[in-house]
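Student: Here is a sequence together with a model predicted from it:
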There are 2 protein chains.
Amino acid sequence: MKFAVTVEVRLLPGIADPQGATLERALPALGFDEVAGVRVGKAIRFTISAVDEQTARDRVGELCDLLLANPVMEEVGVTLERVGSVGPTGGKG
Amino acid sequence: MKFAVTVEVRLLPGIADPQGATLERALPALGFDEVAGVRVGKAIRFTISAVDEQTARDRVGELCDLLLANPVMEEVGVTLERVGSVGPTGGKG
């Protein structure tokens, strides 16, 4: 099975976000007074092959811990969606 | 009304993504051969106040065009969710 994965890496609450602060400072001059609390994170997309969804989720979790996020100052949100599902279960092999 | 907004800014297909390519090159050595097609984008979160959801969406669209994304090489995905909804409609004022 193949899954399309989106990993959102966010700074933890309380960790300073200079990029977000800079954006927010620019907003009133552009006429966007109604926008607040800007935080900038990363959105990492990829595909993963796995025997089932749980295995895929576990592997994505390992990948986040190992490479994508720094747990000291970041948190992750994972979205996983099956792709190319021709014949959902009960394969011939 | 107040809405929590997530704007995902992705590089358009075909635009080179050195950050994603670097991640992908590191994966086999870490034992993640099953991962492919890594693309790194931005996930921008903020709150916006508006009279209704459509107005909020329109304003977020303007903000993307003006400040958050470069339409020549990036595309955006907007997720909008109402927050703090005590008494949904029919206010006293």
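Tutor: Thanks, I have it.
Student: Flag every buried residue along the longest helix seen in chain A.
Tutor: Using DSSP state H, we find that the single longest helix of chain A is helix A:53-63. Residues of helix A:53-63 classed as buried: A:56-57, A:59-60, A:63 (neighbour count, 16 or more other Cβ atoms under 10 Å in any protein chain shown). In short, each C-beta sits where N, CA and C put it, glycine included.
Student: I'd like these written out as a markdown table, with pLDDT added.
Tutor: Converted to a markdown table, the buried residues of helix A:53-63 look like this (pLDDT from 0 to 100):
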| residue | pLDDT |
| --- | --- |
| A:56 | 97 |
| A:57 | 97 |
| A:59 | 97 |
| A:60 | 97 |
| A:63 | 96 |
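Student: Buried residues in the helix or strand encompassing residue A:42, which are they?
Tutor: Residue A:42 is part of strand A:35-49 when elements are defined by DSSP states H and E. Buried residues in strand A:35-49, counting neighbours by 16+ other Cβ under 10 Å, are found at A:35, A:38-48.
Student: now do stretch A:21-28
Tutor: Result for stretch A:21-28 [16+ other Cβ under 10 Å]: buried residues A:23-24, A:27.
Student: on that earlier part again, and chain B, which of the buried residues of helix A:53-63 reach it?
Tutor: A:59, A:63 (Cβ under 8 Å from any Cβ of the partner chain).
Student: quick check, nearest of the buried residues of helix A:53-63 to chain B?
Tutor: Nearest to chain B, judged by Cβ to the nearest Cβ, of those is residue A:63 at 5.9 Å.
Student: you'd agree the closest one is up against residue B:35?
Tutor: Yes: applying Cβ atoms under 8 Å as the test, residue A:63 and residue B:35 come out as touching, 6.8 Å apart.
Student: Fine by me, thanks again.
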